[in-house]
Structures are given as C-alpha cells and as structure tokens.
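[1] Next one to model:
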Amino acid sequence: MRIIFFLVLICLAMAPARAQNKKDSQGRRQGAWVKYYPDGKTMLYSGQFKDDRPVGEFRYYFESGKIKSIVQHETKERSYAWFYFENEQLMSEGQYVNQKKDSVWKNYNEQGFLVSMETFKNNRLNGEKLIYYIQNQIETGEVKCAQLETYKDSVLQGRYVEFFSTGSKKQEGAYNQGKKTGVWETYHPDGSVATRIKFREGKAYGYAYAYDEEGTELYKSYWLDGKRLDAKALDKYLIDCKNKGVIPEE
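    A predicted model of the protein is given here:
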C-alpha cells in the first residue's frame with residue numbers, strides 16, 4: 001500500500017507538467033507553456049498559447065526568480081507590457097501593436113521616479129519625447145519637464161525645448177532631419193532672451209547676439225559654416241560679399 005501511495009503522489013506531481021507545453025497535430029502550441037533557463041530549474045517565462053499565438057498574461061523572470069516583465073496580450077495585434085529592474089521597481093511600460101512599440105511609453109529609474117515619456121509608431125520614435133527632472137520629484141514630488149524633443153522615424157525633427165527646474169524655458173529651437181535649423185535662443189531664468197543664433201543644416205551662420213536681463217545687447221559675433229569669424233576674417237568676408245553683391249546673412 002505504501003508503494004502505491006507514493007506512486008499516486010508522483011503521478012499527481014507530474015500531472016501539471018504533462019498538461020504543459022502541448023502541441024496539436026499541426027505542431028501549434030496550445031494551452032499552458034513554461035520555459036526554463038539552461039539549468040532546467042529556474043523559470044524563464046510562463047504563459048498560455050492558443051493556436052501558436054500567445055494569449056492573456058505572460059510572465060518573464062530574471063535568473064534570480066524575480067519578475068523581469070509582464071506582457072498582457074489583449075488582442076491578436078495589441079498587448080501591454082511592464083518591464084522591471086531586478087530590485088522590483090518598474091522600469092518601463094507601454095503598448096505594442098503587432099509586436100512593435102506604439103503610442104506613449106513611460107520610463108523610470110531604479111528608485112521609481114519618472115525619467116521620460118516617449119511616443120512611438122512602428123517601433124520608432126514619432127512625436128514628442130519628454131525628459132523629466134528627478135530632483136524635483138525627490139524633493140517636492142513634482143514632475144517637471146527638463147527637455148522636450150520631437151522625432152520623426154527616430155530622427156530629431158521639429159521643436160526642441162529645454163527648461164529650468166522652475167518650469168521656465170532655458171533654450172528653444174528646432175531640428176530638421178536631425179540637424180539644428182532656424183533661430184535658436186537661450187533664456188535667462190526670468191524668461192528674457194540671453195542669446196540668439198541661427199542655424200542652417202546644423203551649422204551656425206550669420207550674426208549671433210547676447211543680451212542681459214534688461215534686453216541690452218552685450219556683444220555680437222559672426223558665424224560662417226559653424227565657425228566663428230574673428231575681426232580680421234569677418235572684415236575680409238564682408239568685403240568679399242559686397243564685391244559679389246551677396247547679402248552676408250544669406
């Protein structure tokens with residue numbers, strides 16, 4: 001009887017294992033699946049399949065056994081994911097569409113503070129990326145933007161802004177295909193313009209100006225192809241422009 005009892009216990013213990021990792025006659029995964037690290041003991045992931053497609057919740061693990069990520073498959077195309085540091089703090093969260101990052105993703109540091117928010121389409125940055133001050137969150141619990149970037153297909157395109165921790169603008173400009181373009185300005189903490197310079201194809205050109213808090217011009221310099229011209233070089237360049245009938249600023 002004792003032998004029969006132990007055989008029953010062994011069969012009961014093996015029953016869940018037999019119910020896992022099943023394939024149908026067409027070779028498609030069906031039902032509960034569990035995969036292990038090479039040691040054969042530590043779980044790598046667990047979840048459910050239907051007709052070889054993941055459904056419901058999947059959990060992935062570090063070799064320590066702690067949760068690495070949770071993916072909730074909501075439809076055939078769409079899922080939501082949470083990724084974790086090994087200290088169990090949330091690292092990032094966002095949506096996948098057809099297994100590619102989509103819409104807004106949030107990113108955190110190992111202490112749980114919000115680091116950034118990024119907008120994706122087809123697994124590439126498309127739209128605004130916001131980077132946040134950590135110190136404000138630590139000291140006051142306020143989430144304040146430190147930097148705003150705009151992307152198209154993971155390349156900087158459009159508005160760019162940096163902010164002081166008070167919330168006022170520190171610098172503002174724009175990008176075109178990853179290169180600085182147009183007028184860029186920096187600001188004093190009170191919001192007045194500190195400097196103004198123009199860019200074309202990522203290179204500074206024309207006159208650049210610096211101002212004090214009252215708006216008084218402190219100095220100006222001239223830039224050509226990203227290089228600042230000294231007085232002698234500037235005089236020569238202006239003479240050449242005049243002789244050729246060219247407007248220096250253009």
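
[2] Buried ones in stretch 82-91, by neighbour count?
    Across stretch 82-91, burial judged by 16 or more other Cβ atoms under 10 Å covers 82-85, 90-91. Any C-beta I mention is one placed from the backbone N, CA and C, and that applies to glycine too.

[3] middle-most residue in this protein, spatially?
    residue 118 (4.7 Å; Cα atoms, centre = their mean).

[4] May I have the phi/psi pair for it?
    Main-chain torsions, residue 118, degrees, to the nearest 10: phi -130, psi 150.

[5] which sections of the protein are below the confidence cut-off?
    Counting by pLDDT under 70, the ranges of the chain that qualify are 1-19, 250.

[6] Helices along that one, start to end?
    With DSSP state H as the criterion, the chain has helices at 2-19, 135-139, 231-244.

[7] what's the most distant pair in the buried residues of stretch 82-91?
    82 and 85 (11.5 Å; Cβ to Cβ).

[8] rewinding a little: how far away is the residue nearest to the centre of the chain from residue 110?
    19 Å (Cβ to Cβ, to the nearest Å).

[9] OK, contacts around the nearest residue to residue 51 once chain neighbours are set aside?
    Excluding the flanking residues, the one nearest residue 51 by Cβ to Cβ, 6 or more residues apart in numbering is residue 28, at 5.2 Å. By Cβ atoms under 8 Å, 6 or more residues apart in numbering, residue 28 lies in contact with 49, 51-52.

[10] Could you pull up phi and psi at residue 28?
    Backbone geometry at residue 28, expressed as degrees, to the nearest 10, gives phi -90, psi 140.

[11] now it: how far from residue 224?
    65 Å.

[12] buried stuff in stretch 113-125?
    113-121, 125.

[13] ugh, wrong one, I meant stretch 216-234
    For stretch 216-234, the neighbour count (16+ other Cβ under 10 Å) marks 221-223, 229, 234 as buried.

[14] Endpoints of it, how far apart?
    23 Å (Cα to Cα, to the nearest Å).

[15] Next: stretch 76-93.
    19 Å.

[16] which residues touch it?
    With Cβ under 8 Å, 6+ apart as the test, stretch 76-93 has contacts from 53-54, 62, 64, 66-74, 94-99, 105-112.

[17] try stretch 223-241
    197, 202-208, 221-222, 246-248.

[18] Just send the residues you listed back as CSV, with distance to residue 131 too.
    Shown next, in CSV, are the contacts of stretch 223-241 (distance: Cβ to Cβ, whole Å):
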residue, distance to residue 131
197, 23
202, 21
203, 25
204, 24
205, 28
206, 30
207, 31
208, 26
221, 30
222, 33
246, 41
247, 39
248, 37
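
[19] Show me the residues you listed that map onto strands.
    Cross-referencing those against strands under DSSP state E gives 197, 203-208, 221-222.

[20] Is it correct that residue 249 is in contact with residue 206?
    Yes. Using Cβ atoms under 8 Å, residue 249 is in contact with residue 206, at 4.7 Å.

[21] Show me which of the two is the more surrounded one.
    Regarding residue 249 and residue 206, a neighbour count based on other Cβ atoms under 10 Å identifies residue 206 as having more, with 17 against 10.

[22] who does that one bridge with?
    In this entry, residue 206 is beta-bridged to residue 223, by DSSP bridges.
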